[in-house]
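Q: Give me a model of this one.
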Amino acid sequence: MVRTGRWSVETNTGVTNRQYSALSDTPYPIDLDSIRGAFPPGIEAPPLLVDFADWLNGRPWGSVGRFSLQGQFSDHAPIVDGSPLRDRFSLFMRLPDGSAVGGWYGAGLDRDNPPIVGLGSEGDYELLAPSLDGLLAKLTSQQFGNAWSDLLPHDEVECQTVELARWLAGRPAGEPMAPDDASLELPDFRGFVEKWSRDREDYWANHRLMAELGWRLAAHLPKGKKPWDKTNFEVAISGAQYQARVLTRGPQPFEEASSIESLLRDLREEMRRAQPELGLWYAMSFGLYADGRVMPNFEYDLRPTIDGEPALLSEAKADLVRAPRPERWVPKWLAAS
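A: Next up, the predicted model:
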């Protein structure tokens with residue numbers, strides 16, 4: 001049934017004109033600066049991606065898929081300890097559930113035209129297409145399974161995949177569409193991610209400084225004995241500034257905070273030496289599990305808060321001078337200061 005008023009109610013497809021109008025008025029979120037910054041140093045965003053962003057600009061969100069064109073580092077993607085993998089990915093697409101899509105620069109892969117992979121928020125890791133043009137071709141033909149259904153058009157928005165196909169077909173002859181060839185021998189991306197996750201969990205479980213940290217914080221072991229029970233902590237370091245909190249009914253100071261500072265600074269320096277281009281992390285969060293394991297996560301980009309105030313820029317700059325990063329890996333709040 002359809003009513004003829006301006007805000008009609010449900011049609012036989014279950015979609016209301018109100019919903020249709022609202023979604024059609026919402027354009028795709030696009031941030032080319034963040035996309036360019038997400039590519040590894042020395043690799044530029046390909047013209048096809050930049051041109052696709054231009055073609056997509058202003059079109060209704062969901063008309064060719066439910067995503068945004070926004071760059072992010074592997075640090076914030078759904079993968080265990082993703083910071084060391086920054087130069088292995090160029091993540092340029094975000095999905096509503098937190099999944100990320102982008103290029104993968106694995107060993108032996110073409111750095112000028114890498115395969116496109118998906119890092120799923122629910123643990124789905126998939127090589128989605130052999131190349132960027134292959135991914136765009138799959139958007140036009142809507143060839144995605146249930147785990148990647150957000151790459152399909154939204155039911156409540158007028159589909160524009162035919163228009164996308166026409167645009168792709170009209171591109172210059174010098175940029176041919178790559179065939180979606182299932183016979184191409186591409187590496188096992190899921191296997192890569194699963195091995196990386198196991199290796200990093202083992203690495204931190206057996207790390208000397210993490211073992212000592214767990215021992216020093218033994219008084220905070222979780223009361224539960226289930227494998228997932230943990231006590232959460234957060235740390236901020238910027239130059240000479242330092243703060244550590246235990247997350248018990250909100251961030252709280254704890255007695256051992258001062259005694260673990262030197263250990264955490266040693267960890268920070270060790271990590272800088274292991275991967276100098278990342279620089280020094282500014283924040284660390286970690287869980288202390290019932291068996292004493294410590295599993296950390298590191299933040300290299302957000303300006304830390306210390307004693308309720310943003311960290312001093314002079315201290316953060318001192319860290320940057322001591323541990324310089326590639327220009328595109330310097331966070332805006334620090335680069336603009």
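Q: all strands of the protein, in order?
A: With strands called from DSSP state E, the chain shows them at 30-31, 68-72, 89-94, 100-104, 116-119, 125-129, 230-238, 241-247, 251-252, 283-289, 294-299, 305-306, 309-310.
Q: For the ones you listed, give me CSV that also has distance to R200 and mean neighbour count.
A: Where you see a C-beta, it was placed from the backbone N, CA and C, and this is true even at glycine. Formatted as CSV, those follow (distance: least, CB to CB, whole Å; neighbours: other CB atoms under 10 Å):
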stretch, distance to R200, mean neighbour count
strand 30-31, 29, 17
strand 68-72, 19, 20
strand 89-94, 15, 26
strand 100-104, 17, 26
strand 116-119, 15, 25
strand 125-129, 14, 20
strand 230-238, 17, 21
strand 241-247, 22, 18
strand 251-252, 26, 12
strand 283-289, 13, 20
strand 294-299, 9, 19
strand 305-306, 27, 16
strand 309-310, 30, 10
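Q: Need those in JSON lines (columns: distance to D110).
A: JSON lines is the format used below for the strands of the chain (distance: least, CB to CB, whole Å):
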{"stretch": "strand 30-31", "distance to D110": "26"}
{"stretch": "strand 68-72", "distance to D110": "20"}
{"stretch": "strand 89-94", "distance to D110": "13"}
{"stretch": "strand 100-104", "distance to D110": "10"}
{"stretch": "strand 116-119", "distance to D110": "12"}
{"stretch": "strand 125-129", "distance to D110": "13"}
{"stretch": "strand 230-238", "distance to D110": "39"}
{"stretch": "strand 241-247", "distance to D110": "43"}
{"stretch": "strand 251-252", "distance to D110": "45"}
{"stretch": "strand 283-289", "distance to D110": "35"}
{"stretch": "strand 294-299", "distance to D110": "30"}
{"stretch": "strand 305-306", "distance to D110": "42"}
{"stretch": "strand 309-310", "distance to D110": "42"}
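Q: Tell me which residues of stretch 327-337 come out buried.
A: Neighbour-count burial for stretch 327-337, counted by 16 or more other CB atoms under 10 Å, picks out W329, V330, P331, L334.
Q: ok, and what's touching that stretch?
A: 36-37, 39, 41, 86, 277-279, 300-303, 313, 316-317, 320 (CB atoms under 8 Å, 6 or more residues apart in numbering).
Q: For the residues you listed, work out which two are farthest apart.
A: Pairwise distances among the contacts of stretch 327-337 were taken by CB to CB; the largest, 26.8 Å, belongs to F39 and L313.
Q: Please say which of the two ends up with more neighbours.
A: Using other CB atoms under 10 Å, the more surrounded residue of F39 and L313 is F39, with 22 against 15.
Q: Distance of that one relative to P326?
A: Using CB to CB, to the nearest Å, one gets 11 Å for the distance from F39 to P326.
Q: same check, this time on P187
A: For P187, the distance to P326 - CB to CB - is 26 Å.
Q: Phi, psi for the residue nearest the centre of the chain please.
A: Nearest residue to the geometric centre of the chain (CA atoms, centre = their mean): A77, 2.7 Å. Per-residue torsions, A77: phi -90, psi 160 (degrees, to the nearest 10).
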